[in-house]
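> got a predicted structure here, sequence first:
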Amino acid sequence: EAGVTQFPSHSVIEKGQTVTLRCDPISGHDNLYWYRRVMGKEIKFLLHFVKESKQDESGMPNNRFLAERTGGTYSTLKVQPAELEDSGVYFCASSQQGNNSPLHFGNGTRLTVT
Amino acid sequence: AQRVTQPEKLLSVFKGAPVELKCNYSYSGSPELFWYVQYSRQRLQLLLRHISRESIKGFTADLNKGETSFHLKKPFAQEEDSAMYYCALAVPRAGNTPLVFGKGTRLSVIA
């Protein structure tokens, strides 16, 4: 099966610009998650979709981050305007229904804000 | 709030030596615990979870509620075990809950 795919793999933007990250989960996976790893720190949860609905967005840092999952398929994470501290690796993961089903991760998008 | 601590940033062992990657957690209830691994140029993937109580690639991990630990062990390390290992915790409830990750330990197995 095709795994979770993320695009782009790398993005370098200037402070104040906008970036949109995309995640295509494994087909049939209702759960979709965004995580972020800032250099030297833990992988931290950002938000969780169940189909097209936001189940939990408690990890979103601030209102510069907007995630969508229209139609319950792929998801986008937009950062607008980007700040230096947004640099890091953004991971997407998906899972099937079921209590704490194992997560399948994408390769991540490395975002560098200069 | 839940927290996962991996005290070692880097662990180097010789091939054939035993390896133990430490993981401690803070949570007042009974968590679900996982080990995820990221090999070089590969994606993060599940290695094992405590409820499965199985050995994967020779690795085992036992949940010790008294010590609030979930250390990952392997009796004889192999070069292909070199990777980044993350311990993670989930609060058990209906549905899926976000994973809380530790900072990770880089395991380097030296030939």
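Happy to help now that I have it.

> contacts only, for the residue most central in space within chain A.
Against the mean C-alpha coordinate of chain A, by Cα atoms, centre = their mean, the closest residue is residue A:34 at 3.3 Å. Listed by Cβ atoms under 8 Å, 6 or more residues apart in numbering or on different chains, the contact set of residue A:34 reads A:23, A:45, A:46, A:47, A:67, A:75, A:77, A:90, A:91, A:92. (Each C-beta comes from the backbone N, C-alpha and C, glycine too.)

> show me where pLDDT drops low in chain B?
Scanning chain B for pLDDT under 70 picks out B:93-95.

> and for chain A?
A:1, A:100.

> how about the strands of it, start to end?
Assigned by DSSP state E, the strands in chain A fall at A:5-7, A:10-13, A:19-24, A:31-37, A:43-50, A:53-56, A:65-68, A:75-79, A:88-95, A:104-105, A:109-113.

> got these as CSV, with distance to residue B:58 columns?
Listed next are the strands of chain A as CSV, based on distance: least, Cβ to Cβ, whole Å:
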stretch, distance to residue B:58
strand A:5-7, 30
strand A:10-13, 34
strand A:19-24, 32
strand A:31-37, 27
strand A:43-50, 25
strand A:53-56, 35
strand A:65-68, 38
strand A:75-79, 36
strand A:88-95, 25
strand A:104-105, 22
strand A:109-113, 31
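
> thinking again about what came up before, chain B: which of the contacts of residue A:34 is nearest?
residue A:45 (3.9 Å; Cβ to the nearest Cβ).

> number of residues surrounding the closest one?
Neighbours of residue A:45 under the rule other Cβ atoms under 10 Å in any protein chain shown: 21.

> likewise residue A:13?
Quick note: residue A:13 (other Cβ under 10 Å) scores 17 neighbours.

> could you find the closest non-adjacent residue to it?
Nearest residue to residue A:13, sequence neighbours excluded (Cβ to Cβ, 6 or more residues apart in numbering or on different chains): residue A:19, at 5.2 Å.

> in the sheet, which residues pair with the one you found? Tell me.
For residue A:19, the beta-bridge assignment (DSSP bridges) gives partners residue A:79.

> residue A:112 is in contact with that one, correct?
No: Residue A:19 is not in contact with residue A:112 according to Cβ atoms under 8 Å; the separation is 10.0 Å.

> which neighbours do those two have in common?
A:11, A:13.

> between the two, tell me which one has more neighbours.
Using other Cβ under 10 Å as the criterion, residue A:19 and residue A:112 rank with residue A:19 on top: 19 against 14.

> give the contact list for the more buried one.
Residues near residue A:19 by Cβ under 8 Å, 6+ apart: A:11, A:13, A:78, A:79, A:80, A:82, A:111.
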